[in-house]
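A.B. asks: Have a look at this prediction, sequence included:
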Amino acid sequence: MQRRQGRVNAGLLLLLYQISQVGLQNIPSVTLGVLALNIFLFLNPVRPLPEVCISVNEGFYRKNWQRLLLSPVHHADDWHLYYNMISMLWKGMMLEKKLKSIWFAYIIAVFSVLIGVVYMVLEFMLVEILDDPSYEMNCAVGFSGVLFALKVLNNHYNPGRVSSVLGLQIPSKYACWVELVAIHLISPG
């Protein structure tokens, strides 16, 4: 889980371009803050990725709970950041206007911590069910889990919509699940 050094961050440049196309004035404050925090920490990580990622071994056994706060706001590479933050931009613009900024900020904070806990529980279950202790060592970073939770919330507040996933028109209430499988197939890591 090492970030490549010394290369042009095309994903970051594309993200900044997309943000400029939307216009800073059109992005709600909490959404803009989340984007800024993730971009800042991508450019200036608190620690190297192996020291901020969440795993059963690090989070549970070693009780390194700060990883619950750090792992969601660090990204493996510029494309990981790009896809997550474009998704955050779209979901944030829709949900923050509906829920208002204070409630939306609270939801982002709670989801950011809970996703790490859920990740550790699922990995621990895999260890037990498959009798494979290697799952304790799987380490994750990124905002994807928070975005998945926001997508489910968005589907709740905006029922009956249709989403396009890989060019297929799918009812939004199922799209988050299809998207999750598609992401896993395209980028299993």
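C.D. replies: Alright, I've got the coordinates. Numbers count the residues shown, from 1 in each chain.
A.B. asks: What ranges does this structure have for its helices?
C.D. replies: Per DSSP state H, the chain carries helices over the ranges 10-22, 29-43, 66-70, 78-99, 101-130, 144-157, 172-186.
A.B. asks: With Glu51 as the reference, name the closest of these.
C.D. replies: Go through the helices of the chain one by one with CB to CB and the one that ends up closest to Glu51 is helix 66-70, at 8.4 Å. Placement of C-beta: from N, CA and C, glycine included.
A.B. asks: Chain neighbours aside, what residue packs nearest to the residue nearest the centre of the chain?
C.D. replies: Among the residues of the chain, Phe143 comes closest to the average C-alpha position under CA atoms, centre = their mean, at 1.6 Å. Distances taken as CB to CB, 6 or more residues apart in numbering place Asn84 nearest to Phe143, at 4.4 Å, with adjacent residues excluded.
A.B. asks: In contact with that neighbour, which residues?
C.D. replies: With contacts taken as CB atoms under 8 Å, 6 or more residues apart in numbering, Asn84 has the following neighbours: 38, 75, 142-144, 147.
A.B. asks: how much space is there between it and Trp90?
C.D. replies: 11 Å (CB to CB, to the nearest Å).
A.B. asks: now Ile115
C.D. replies: Going from Ile115 to Trp90 by CB to CB gives 19 Å.
A.B. asks: Flag the helix or strand of the protein with the lowest per-element mean pLDDT.
C.D. replies: The helix or strand with the lowest mean pLDDT-type score in the chain, counting by mean pLDDT, DSSP states H and E, is helix 172-186 (a mean of 71).
A.B. asks: if we can go back for a sec, determine which of the helices of the chain approaches Ser164 most closely.
C.D. replies: Among the helices of the chain, helix 172-186 sits nearest to Ser164 (CB to CB), with 8.2 Å.
A.B. asks: My understanding was that Val30 contacts Tyr106; is that so?
C.D. replies: No. Counting by CB atoms under 8 Å, Val30 does not reach Tyr106; the two are 9.4 Å apart.
A.B. asks: between these two, which one's more packed in?
C.D. replies: In this view Val30 and Tyr106 are compared by other CB atoms under 10 Å, and Val30 has more residues nearby, 22 against 12.
A.B. asks: need the contact list for the residue nearest to Pro45 when sequence neighbours are not counted.
C.D. replies: Nearest-residue entry for Pro45: His74, 5.8 Å, with adjacent residues in sequence omitted and distances by CB to CB, 6+ apart. In this structure, His74 makes contact with 41-42, 45-46, 49, 52-53, 141-142, judged by CB under 8 Å, 6+ apart.
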